[in-house]
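Asks: Got a predicted model here, sequence first, then my questions.
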2 protein chains.
Amino acid sequence: MEPVTPKPPNRRERVRNATVAEIKAVARRQLTADGPLAISLRAIARDMGMSAPALYRYFPSLEALLVALCVDLYDELRAFMETACDELAEDDHIGRVLVAARSFRSWAVSHRPEFTLMFASVDLHHNTDSHLDPTAEPHAAATRFSQVFGRIFGELYRQTDEERGFPLPLPTVPPMSAELQGELMACSQTIGADVPMEFAYIFLTYWIRLYGVVAMEVYGQLPVVNHPDLLFNAMLAEMAAQLQVDITRWITPPTVG
Amino acid sequence: MEPVTPKPPNRRERVRNATVAEIKAVARRQLTADGPLAISLRAIARDMGMSAPALYRYFPSLEALLVALCVDLYDELRAFMETACDELAEDDHIGRVLVAARSFRSWAVSHRPEFTLMFASVDLHHNTDSHLDPTAEPHAAATRFSQVFGRIFGELYRQTDEERGFPLPLPTVPPMSAELQGELMACSQTIGADVPMEFAYIFLTYWIRLYGVVAMEVYGQLPVVNHPDLLFNAMLAEMAAQLQVDITRWITPPTVG
DNA sequence: TCATGAACGTGAACACCGTTAACTATCGAC
DNA sequence: GTCGATAGTTAACGGTGTTCACGTTCATGA
């Protein structure tokens, strides 16, 4: 867990990294061109003018290559969302929620094969036991990504917390068992240290709604809806309005409400 | 479009149907045992003591076999949800929403490979152009399935409509463009003839939330939540409460509210 | 400077896969 | 009883991931 080992890479390591990058780039080209199933080790090798077994010097298996590609895609999506949010004013947290959601959808619908590979390849994330190891790169990348929304919600909470200056009336949520409260406490830890579990709950429900509508659109599970973007915008507007209501409820002194 | 052609099947057709059923049964066994990718034509043939090309007398391709399997699974899931709902009183429509949602989730988590095949195999539903043809079986099965929830919501609306006896105050929804209203009208047609578009909208948002939380659980996209059933129950309770509020708002005379 | 060992790349081979073609046996209907 | 549709076979093609045994290249330590 040292901070960073600068260790200027040897020439050897540089060209190796370049080769790894090229492999992933070619794989990605196949992914976008013909879908997740079309990624083939041999085809990658062909495109690179190499023999197929040579790739095993860089990845222990095709599955490992796909996982590495997924890691890159997670980071790409995360960066896309974060730069989109950077356009906004520092304190426009609801704007951030909207922009993050919109950029998530727009990336997803313009990168359907990538989205499919990332969010619907069960075998990838679970056959390898890497998901059990929190230090593994795939798990770390997924966490980094999920924390994009988490951070936004956390800052949103902390801002209202500062503006408030009195104990807050938490959003009304359904009664929760002790176990669920424990789950939510764990979840709120990933958002930020001091957010209450009620906030973790509404964060989860927002994220689930966003994932649901985008995944259904990408997977073609909304057959009757011809223009999913309209539905998406309506849902997002509703979610934002609801969030706004919750927040004004929070920052209104409890004696009034 | 004749009502039904009884046409007592020849002996020939009977054994053929039995073979088709056996093929799908063996495929399903492979699916549940080793996941969607493990379904292999040759392995099916091996298990049945046949040669692989023989299967082409029954299905024009592996993909067609998988589509047929999906059709069966859609109907199985639909039947599972409907029999679960049959336990309830005729007029307990909110109960039906809850039971349908709960049985949807319980089928999904206890049939993860099947769920994956049905809801996340992009290539299946879109590479074949069968999804363009509304008369094709895959499309019909998916429609039959999606109408389970649609019917429940439609009956829910019609019941409140009868109890009401006056023009109804519709649920508050975000302002909608004319295009979105058109989309929702089309969607409400699948629910039932006379449901207003606002109802179609909340139906869609409910279905999206349900799909989102279940899909995230099945695809392992809720890493921090150790007991997704608790989260699911909380969300469902919240959705039901919200639905209850909407309904009491509807069946309360507008002069009061 | 040169030897050494790791890293890199190769071709051959194995065991699968979906699919097609050519051919044969069986069974139902006229 | 014949004949054609049906159901099955084997052989083969081209594709896949992966392993093995073998060279080649190259940075490094003596």
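Replies: Thanks, I have it.
Asks: which residues touch the residue of the stretch 151-257 of chain A found nearest chain B?
Replies: The minimum distance from the stretch 151-257 of chain A to chain B, using C-beta to the nearest C-beta, falls at A:G212 (2.3 Å). C-beta coordinates here come from the backbone N, C-alpha and C atoms, glycine included. Residues near A:G212 by C-beta atoms under 8 Å, 6 or more residues apart in numbering or on different chains: B:208-213, B:215.
Asks: now with 10 Å?
Replies: Residues near A:G212 by C-beta atoms under 10 Å, 6 or more residues apart in numbering or on different chains: A:221, A:235, B:205, B:207-216.
Asks: Select from the residues you listed the one having the most neighbours.
Replies: Neighbour tally across those (other C-beta atoms under 10 Å in any protein chain shown): the maximum, 29 neighbours, falls on B:V213.
Asks: give me every residue that touches that residue.
Replies: Taking C-beta under 10 Å, 6+ apart as the test, what B:V213 contacts is A:204-205, A:207-209, A:211-212, B:101, B:105, B:221-222, B:225, B:228, B:231-232, B:234-236, B:239.
Asks: Run through chain A and note the low-pLDDT ranges.
Replies: Applying pLDDT under 70 to chain A flags residues A:1-9, A:122-135, A:160-174, A:193, A:249-257.
Asks: Give me the domain ranges for it.
Replies: A:1-60, A:70-251 (automatic domain parsing).
Asks: among those domains, which is the most enclosed?
Replies: Among the domains of chain A, ranked by average contacts under mean count of other C-beta atoms under 10 Å in any protein chain shown, first place goes to domain A:70-251 (a mean of 18).
Asks: Mark which of the contacts of A:G212 are part of helices, please.
Replies: With helices defined by DSSP state H, the entries of the contacts of A:G212 inside them are A:235, B:205, B:207-216.
Asks: Closest to DNA strand C out of the residues you listed?
Replies: B:A215 (25.9 Å; C-beta to the nearest atom of the strand).
Asks: Contacts only, for that closest one.
Replies: B:A215 touches A:119-120, A:208, A:211-212, A:215-216, A:219, A:221, B:108, B:115-116, B:119-120, B:221-222, counting by C-beta under 10 Å, 6+ apart.
Asks: if you set the cut-off to 6 Å instead, what comes out?
Replies: B:A215 is in contact with A:A215, counting by C-beta atoms under 6 Å, 6 or more residues apart in numbering or on different chains.
Asks: about what we covered before: quickly note the distance from the closest residue to the residue of the stretch 151-257 of chain A closest to chain B other than its chain neighbours to B:R158.
Replies: The shortest distance from A:G212 to any non-neighbouring residue, by C-beta to C-beta, 6 or more residues apart in numbering or on different chains, is to B:G212 (2.3 Å). Distance from B:G212 to B:R158, counting by C-beta to C-beta, to the nearest Å: 27 Å.
Asks: Same question for A:L98.
Replies: Where B:R158 is concerned, A:L98 sits at a distance of 36 Å (C-beta to C-beta).
Asks: now A:M81
Replies: Counting by C-beta to C-beta, the gap from A:M81 to B:R158 is 42 Å.
Asks: Give the helix, strand or coil label for A:T116.
Replies: Following DSSP: H, G, I helix; E, B strand; the rest coil, the label given to A:T116 is helix.
Asks: From one end of stretch A:49-63 to the other, what's the distance?
Replies: 21 Å (C-alpha to C-alpha, to the nearest Å).
Asks: So what does A:Y58 look like in phi/psi?
Replies: The phi and psi values for A:Y58, taken as degrees, to the nearest 10, are phi -110, psi -30.
Asks: Please, which helix or strand holds the residue nearest to it when sequence neighbours are not counted?
Replies: In this structure, A:Y58 finds its nearest non-sequential neighbour in A:V20, 5.4 Å apart by C-beta to C-beta, 6+ apart. Per DSSP states H and E, A:V20 falls inside helix A:11-34.
Asks: quick one: the residue nearest to A:Y58 and A:F59 touch, right?
Replies: No: using C-beta atoms under 6 Å, A:V20 is not in contact with A:F59; the gap is 8.1 Å.
Asks: shared neighbours, the two?
Replies: With C-beta under 6 Å, 6+ apart as the test, A:V20 and A:F59 reach no residue in common.
Asks: Any idea how far the helix or strand just after the helix holding A:V20 is from the middle of the chain?
Replies: Going down the chain from helix A:11-34, the next helix or strand is helix A:41-48, by DSSP H and E. From the chain centre to the centre of helix A:41-48 is a distance of 30 Å (C-alpha atoms, centre = their mean, to the nearest Å).
Asks: Only alpha carbons, please: show helix A:41-48 as CSV.
Replies: Only the C-alpha atoms of helix A:41-48 are listed here, as CSV (Å, rounded to 0.1, in the frame of the first residue of the first chain):
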residue,chain,number,x,y,z
LEU,A,41,-8.3,-13.9,-29.4
ARG,A,42,-7.3,-15.2,-32.8
ALA,A,43,-8.9,-12.3,-34.6
ILE,A,44,-7.1,-9.9,-32.4
ALA,A,45,-3.9,-11.6,-33.1
ARG,A,46,-4.6,-11.6,-36.9
ASP,A,47,-5.4,-7.8,-36.8
MET,A,48,-2.1,-7.3,-35.0
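Asks: ok and that helix relative to helix A:11-34, angle-wise?
Replies: 110 degrees (axes from the mean of the first three to the mean of the last three C-alpha atoms, to 10 degrees).
Asks: is the helix or strand following helix A:41-48 anywhere near DNA strand D?
Replies: Scanning forward in sequence from helix A:41-48 by DSSP H and E, the next helix or strand is helix A:62-86. Yes: under the criterion of C-beta under 7 Å from any atom of the strand, DNA strand D is reached by helix A:62-86 at A:62-63.
Asks: by contact count, what packs against helix A:62-86?
Replies: helix A:93-110, helix A:112-120, helix A:137-164 (3 or more C-beta pairs under 6 Å, 6 or more residues apart in numbering or on different chains; DSSP states H and E).
Asks: nearest to chain B, of those helices?
Replies: So among the helices and strands packed on helix A:62-86, helix A:112-120 is nearest, using C-beta to the nearest C-beta, at 3.8 Å.
Asks: And the closest one, how far out from the chain middle?
Replies: On C-alpha atoms, centre = their mean, the centre of helix A:112-120 falls 12 Å from that of its chain.
Asks: who in chain A is up against DNA strand C?
Replies: A:12, A:16, A:19, A:49-54, A:57-58.
Asks: Go again with 6 Å.
Replies: Applying C-beta under 6 Å from any atom of the strand, we find that chain A lies next to DNA strand C at A:16, A:19, A:50-51, A:53-54, A:57.
Asks: Also near DNA strand D: which of those residues, exactly?
Replies: Within the residues of chain A next to DNA strand C, those near DNA strand D by C-beta under 6 Å from any atom of the strand are A:P53.
Asks: Go through the residues of chain A next to DNA strand C and name the one nearest B:A43.
Replies: A:P53 (26.1 Å; C-beta to C-beta).
Asks: Quick one: the residues of chain A next to DNA strand C as JSON lines, columns for distance to A:S188 too.
Replies: Formatted as JSON lines, the residues of chain A next to DNA strand C follow (distance: C-beta to C-beta, whole Å):
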{"residue": "A:R16", "distance to A:S188": "41"}
{"residue": "A:T19", "distance to A:S188": "42"}
{"residue": "A:M50", "distance to A:S188": "48"}
{"residue": "A:S51", "distance to A:S188": "51"}
{"residue": "A:P53", "distance to A:S188": "48"}
{"residue": "A:A54", "distance to A:S188": "47"}
{"residue": "A:R57", "distance to A:S188": "44"}
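Asks: And the furthest pair within the contacts of A:G212?
Replies: A:M235 and B:V214 (17.6 Å).
Asks: which residues touch stretch A:24-41?
Replies: A:44, A:47-48, A:52, A:55, A:62, A:69, A:113, A:116-117, B:123.
Asks: does any part of it sit near DNA strand D?
Replies: Yes: on the criterion C-beta under 6 Å from any atom of the strand, stretch A:24-41 is in touch with DNA strand D at A:40-41.
Asks: now that stretch, how far from the centre of its chain.
Replies: For stretch A:24-41, the distance to the chain centre is 21 Å (C-alpha atoms, centre = their mean).
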